[in-house]
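Asker: Next come a sequence and a model predicted from it.
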Amino acid sequence: MTIKLKKIYPGFDSIELPMYQSSGAAGMDLRAAIKDPVSIRPGGIMTIPTNIAIAVPQGYEAQIRSRSGLASKFGVFALNAPGTIDSDYRGEIKVILANFSNQRYTVEKGDRIAQMVITKYETATWEICDDLDETSRGEGGFGSSGIK
């Protein structure tokens with residue numbers, strides 16, 4: 001699949017385009033397109049630009065997800081993950097990063113801050129009915145199946 005990508009602002013030519021880091025990777029790493037380092041305080045949230053806009057084909061979405069290394073080593077997560085880039089959105093992709101650690105986290109120009117997965121989706125329509133089919137779970141939710 002080929003997806004059109006537009007760079008938004010000049011001055012970020014050194015930042016690599018989203019790319020897969022291994023032959024089996026599902027997600028492409030997104031990089032921070034910032035001129036100066038930014039620091040996210042403990043408990044803080046910051047939106048980081050990527051300097052790219054994409055044209056996702058209809059029937060697909062781009063999902064923005066946390067990078068496992070940032071989460072496990074630094075307590076930094078992409079909020080609203082997976083975030084959805086819809087097929088009709090043409091604005092800059094930005095990543096909402098949250099720092100759940102007790103240390104400041106500094107993002108620098110070109111850092112890999114999130115990953116993006118391109119995935120197919122279905123469009124649903126609703127059918128109003130009086131009854132739903134029965135299942136063994138029924139209305140059980142919020143941990144009703146246990147945690148062990």
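Answerer: Yes, it's here. Quantities reported herein were computed from a predicted structural model and do not represent experimental measurements. Numbering: from 1, shown residues only.
Asker: Helices along the protein, start to end?
Answerer: Assigned by DSSP state H, the helices in the chain fall at 68-74.
Asker: Neighbouring strands - and their directions - for the longest strand seen in it?
Answerer: Secondary structure of the chain per DSSP state E: the longest strand is strand 112-120. The strands that strand 112-120 pairs with in its sheet are strand 28-31 (antiparallel), strand 60-65 (antiparallel) (by DSSP bridges).
Asker: would JSON lines of those with mean pLDDT and distance to M116 be doable?
Answerer: C-beta here means a position set from N, CA and C on the backbone, and glycine is covered the same way. Output for the strands paired with strand 112-120, formatted as JSON lines (pLDDT from 0 to 100; distance: least, Cβ to Cβ, whole Å):
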{"stretch": "strand 28-31", "mean pLDDT": "98", "distance to M116": "5"}
{"stretch": "strand 60-65", "mean pLDDT": "98", "distance to M116": "5"}
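Asker: So which of those has the densest surroundings on average?
Answerer: Highest mean neighbour count of those: strand 28-31, a mean of 22 (counted as mean count of other Cβ atoms under 10 Å).
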